[in-house]
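Q: When you get a sec, could you give me coordinates for this:
(2 chains)
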Amino acid sequence: MRYALNKIFHGLLLVLGVTLISFILMVWFGPDQTYSLVGKNATAEQIAEVRHELGYDRSFALRYAGYLKQLFTLDLGSSHSSGEPVNSILARTIPVTLALMVPGFVLGNLLGIALGLLSVQQKGRWTDRLITGFSVSSMSISFLVIIILMQVILSTPYGLNLFPVRGWQVNDPGSYLKYVAVPTLSLIFITLGYNTRFYRAVFAEEAGRDHIRTARAYGASTATILWKHVLKNSLVPIITRFMFSIPLIVVSGSLLIESYFGIPGIGKVTFDAITSGDQPVLKAVVGLTAIAFVLIQVLTDFLYKLVDPRIG
Amino acid sequence: MSFRNRPWQRLRTDKAGLTGLVIVTAFFLLAAAVWAGFLGESWSEAGGGRWESAGAQHWFGTNVLGQDIFLRSVYSVRTAFEIGLVVSVLSTVIGAVLGAAAGWYSNTWVDGTIQWMKGVLDSIPFYLFVAAVAFALQGVYWAMHIAMIATFWTTTGRLVRAEVLKIKSQEFVLAARAIGLPGPLILIRHVLPNTAHILLIQSSMVFVAAIKAEVVLSFLGLGVQDGVSWGLMLAESTQEILAGHFNNFLSASLMLFILLLGFNLLADALQDAFDPRQAAL
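A: Take a look at the predicted model:
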């Protein structure tokens, strides 16, 4: 119980920090929004009124408190460029992003685990060297280059020309598969090198421990050792890796992939908000993502306890 | 052979690491030549026709404006090194100072505050953070660098803190304390030098991360604002590959790949040489 309270307190401090940073960067420090909201030839009163609505006449602490209230009551205002409420923008785009990113994210991790296990099993042999070489090379390719290559190879007449070049006209499972294929393959290759390297290191450390050597001495087969002992005992780092990369991959990854392929998810919305200076959208996305990440961290701590009761 | 020299010995026999070192040095010399004004001066001149193919006149062809792609990709080496060096040096310095302070004063408010800062910065997805910084610092040339430095120091800080915690309880530090040397002096003169290998490895990794991030940020319009970089060339190429013009894409991505591979190989070799226990994993 003390453990739980401690974790929650810690999480609250982090939430305060991340909201403070996004408030300072986007509201306090951000560009003055007055003149994008008032019409032409506004009177001094109109300007003062808009400034009052935006809260420019209040103190730092009051405005920060207002921002917190907005985030926690999900009263996020409306987009400056389209006038659509931010809530409805989020409700419309988050499902698209999840449908787009989840397959690649899960497959990238599973493949990384598989290659990591194979590499450790074949340690020092050419399979291991091949896998290690592959992950170093793949870590040296820019994400943008991977995406462009995938697009050229799979969706243009210069390559196989199998899939649509860009866009997202999804209305049934068939069209979903058609549009999700290239982004998914891109995401897998973007993450695979890092994942493989990470999981290989985790498994190699686990495989070097005494109890594994004992199991081997008792004649357990390599497969049993890898599956039953190495994989199971590596659950904590695997969970950490998985949980912690959710917001990074889903938000940061979708920013690049969606703006490249023109897919109407949260990443594209964020990208458009950056280019048009749409502050309500941007501050909602940054604030909520950071809060979500803190929640995930707290949750991960509790998951650890389930997996390994000794942690405390 | 002295104990201290052993890592360098190991490095000298590591073929992949040496290849990396050669690549990085070659690129650095290119960047130096551009800095000195020997190369790439006329990268922005439109001296050719639109989308000329590769030939004797323009080695890698020309882009949509008739600018020479070879000169542009060579000049971009300088841009890459500027970004990589500024970001890796500053983030390493900040990471070293804050990490060492947190480790030395562990379990005090100093440590608590620094750990909290790290936790907060790590909780904001990188590209969103950069977007927020770019939004706040509109028109500021260094916005991208500032955002990268502010996020990249945290890993270095965490590693240095862990190492300082370990070193702090070793005999030579206890001895230094016993003869009454002041804490900060022990930290700077005896503890920090022992984290040098971490700083070296981390700064080469940050270099890689910074150049890779530049490409994505330039594509998103948050990166290099004026001048030319591989990221800008790749962003340009996304407009033309569907029409079958691959020169921009090929030259920028190949140069980028070779430099990143060089740095990655070098970083791995440094890790192997200085931290064999970790590396054996």
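Q: Regarding chain B, what is its longest helix?
A: In chain B, with assignment by DSSP state H, the single longest helix is helix B:69-104.
Q: between the next helix or strand after that one and helix B:69-104, how big is the angle?
A: With elements assigned by DSSP states H and E, the helix or strand that comes after helix B:69-104 is helix B:109-122. Calculated by axes from the mean of the first three to the mean of the last three CA atoms, to 10 degrees, helix B:109-122 forms an angle of 150 degrees with helix B:69-104.
Q: C-alpha coordinates for helix B:109-122, PDB please?
A: Listed next in PDB are the C-alpha coordinates belonging to helix B:109-122 (Å, rounded to 0.1, in the frame of the first residue of the first chain):
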ATOM      1  CA  TRP B 109      16.900  17.200  -2.800                       C
ATOM      2  CA  VAL B 110      19.600  17.800  -5.500                       C
ATOM      3  CA  ASP B 111      19.200  14.200  -6.700                       C
ATOM      4  CA  GLY B 112      15.400  14.300  -6.300                       C
ATOM      5  CA  THR B 113      15.100  17.500  -8.400                       C
ATOM      6  CA  ILE B 114      17.400  16.200 -11.200                       C
ATOM      7  CA  GLN B 115      15.700  12.800 -11.300                       C
ATOM      8  CA  TRP B 116      12.300  14.600 -11.500                       C
ATOM      9  CA  MET B 117      13.600  16.800 -14.400                       C
ATOM     10  CA  LYS B 118      14.800  13.700 -16.200                       C
ATOM     11  CA  GLY B 119      11.500  11.900 -15.700                       C
ATOM     12  CA  VAL B 120       9.500  14.900 -17.000                       C
ATOM     13  CA  LEU B 121      11.600  15.300 -20.100                       C
ATOM     14  CA  ASP B 122      11.500  11.600 -20.800                       C
END
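Q: Show me what the helix or strand that that helix is followed by is packed against.
A: Remark: after helix B:109-122, the chain's next helix or strand is helix B:126-136, criterion DSSP H and E. Contacts defined by 3 or more CB pairs under 8 Å, 6 or more residues apart in numbering or on different chains; DSSP states H and E place helix B:126-136 against helix A:254-261, helix A:266-276, helix A:279-307, helix B:143-168, helix B:196-220. (Glycine included, C-beta is placed from N, CA and C.)
Q: Can you say which of those is nearest to A:Leu62?
A: helix A:279-307 (16.3 Å; CB to CB).
Q: Tell me how far the closest one lies from the chain's centre.
A: 10 Å (CA atoms, centre = their mean, to the nearest Å).
Q: And stretch B:111-129, by the same measure?
A: Taking CA atoms, centre = their mean, the mean C-alpha location of stretch B:111-129 is offset from the chain mean by 19 Å.
Q: And stretch A:3-20, by the same measure?
A: 20 Å.
Q: list the contacts for the single nearest residue of the stretch 101-250 of chain B relative to chain A?
A: Nearest residue of the stretch 101-250 of chain B to chain A, counting by CB to the nearest CB: B:Val120, 3.3 Å away. Taking CB atoms under 8 Å, 6 or more residues apart in numbering or on different chains as the contact definition, B:Val120 lies against A:14, A:17-18, A:20-21.
Q: could you say which helix or strand contains the residue nearest to it when sequence neighbours are not counted?
A: Nearest residue to B:Val120 in three dimensions, chain neighbours excluded: A:Gly17, at 3.3 Å (CB to CB, 6 or more residues apart in numbering or on different chains). Using DSSP H and E, the element containing A:Gly17 is helix A:2-23.
Q: circling back to that earlier point, can you verify my assumption that the residue nearest to B:Val120 contacts B:Met117?
A: Yes: with contact defined as CB atoms under 8 Å, A:Gly17 reaches B:Met117; the gap is 7.5 Å.
Q: Next one: the residue of chain A most remote from its centre relative to A:Tyr56, how far apart?
A: Taking CA atoms, centre = their mean as the measure, the residue most remote from the mean C-alpha position of chain A is A:Thr43, 44.8 Å away. Using CB to CB, to the nearest Å, A:Thr43 is found at 17 Å from A:Tyr56.
Q: ditto for A:Ile257
A: From A:Ile257 to A:Tyr56 the distance is 36 Å (CB to CB).
Q: Between these two, which is the more surrounded one?
A: When A:Ile257 and A:Tyr56 are compared for neighbours, A:Ile257 comes out ahead with 26 against 14, by other CB atoms under 10 Å in any protein chain shown.
Q: what residues are up against that one?
A: A:100-101, A:147, A:183, A:186-187, A:263, A:267.
Q: Which of those residues fall in helices?
A: Per DSSP H, the contacts of A:Ile257 map to helices at A:100-101, A:147, A:183, A:186-187, A:267.
Q: Could you pull out the helices in the stretch 1-150 of chain A for me?
A: Using DSSP state H, counting those that start in this stretch, the helices of the stretch 1-150 of chain A run over A:2-23, A:34-37, A:44-54, A:60-72, A:86-121, A:126-139, A:143-155.
Q: TSV please, covering those helices and showing mean neighbour count.
A: Formatted as TSV, those follow (neighbours: other CB atoms under 10 Å in any protein chain shown):
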stretch	mean neighbour count
helix A:2-23	17
helix A:34-37	14
helix A:44-54	13
helix A:60-72	15
helix A:86-121	19
helix A:126-139	16
helix A:143-155	21
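Q: Phi first, then psi, for B:Ser123.
A: phi -90, psi -10 (degrees, to the nearest 10).
Q: So it sits against A:Val18, correct?
A: Yes: with contacts counted by CB under 8 Å, B:Ser123 reaches A:Val18, the gap being 5.0 Å.
Q: any common contacting residues for the two?
A: Overlap of the contact sets of B:Ser123 and A:Val18 (by CB under 8 Å, 6+ apart) consists of A:290, A:293-294.
Q: For the contacts of A:Ile257, give me TSV that also has pLDDT.
A: What follows is the contacts of A:Ile257, written out as TSV (pLDDT from 0 to 100):
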residue	pLDDT
A:Leu100	93
A:Met101	93
A:Ile147	92
A:Pro183	94
A:Ser186	94
A:Leu187	94
A:Ile263	94
A:Gly267	91
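Q: Nearest to chain B: which residue in the stretch 51-200 of chain A?
A: A:Ser140 (3.8 Å).
Q: Show the contacting residues for that residue.
A: Counted by CB under 8 Å, 6+ apart, A:Ser140 has contacts B:208, B:257, B:260-261, B:263-264.
Q: Pretty sure A:Ser186 sits against A:Gly104.
A: Yes: using CB under 8 Å, A:Ser186 makes contact with A:Gly104 at a distance of 7.4 Å.
Q: can you list the weak-confidence ranges in the stretch 1-150 of chain A?
A: Along the stretch 1-150 of chain A, the parts satisfying pLDDT under 70 run over A:30-40.
Q: Which single residue of it ends up nearest chain B?
A: Closest point on the stretch 1-150 of chain A to chain B, by CB to the nearest CB, is A:Gly17, at 3.3 Å.
Q: how about that residue, what does it touch?
A: Contacts of A:Gly17 by CB under 8 Å, 6+ apart are B:116-117, B:119-120, B:123.
Q: Pull out the buried members of these.
A: B:117, B:119-120, B:123 (16 or more other CB atoms under 10 Å in any protein chain shown).
Q: With pLDDT as added columns, please give these in JSON lines.
A: Converted to JSON lines, those look like this (pLDDT from 0 to 100):
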{"residue": "B:Met117", "pLDDT": "93"}
{"residue": "B:Gly119", "pLDDT": "89"}
{"residue": "B:Val120", "pLDDT": "91"}
{"residue": "B:Ser123", "pLDDT": "85"}
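Q: Save these as TSV, and put in distance to B:Ile198 too.
A: Listed next are the buried ones among the contacts of A:Gly17 as TSV, based on distance: CB to CB, whole Å:
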residue	distance to B:Ile198
B:Met117	19
B:Gly119	20
B:Val120	23
B:Ser123	24
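Q: out of those, who's nearest B:His197?
A: Closest to B:His197, out of all of the buried ones among the contacts of A:Gly17 and judged by CB to CB, is B:Met117, at 24.7 Å.
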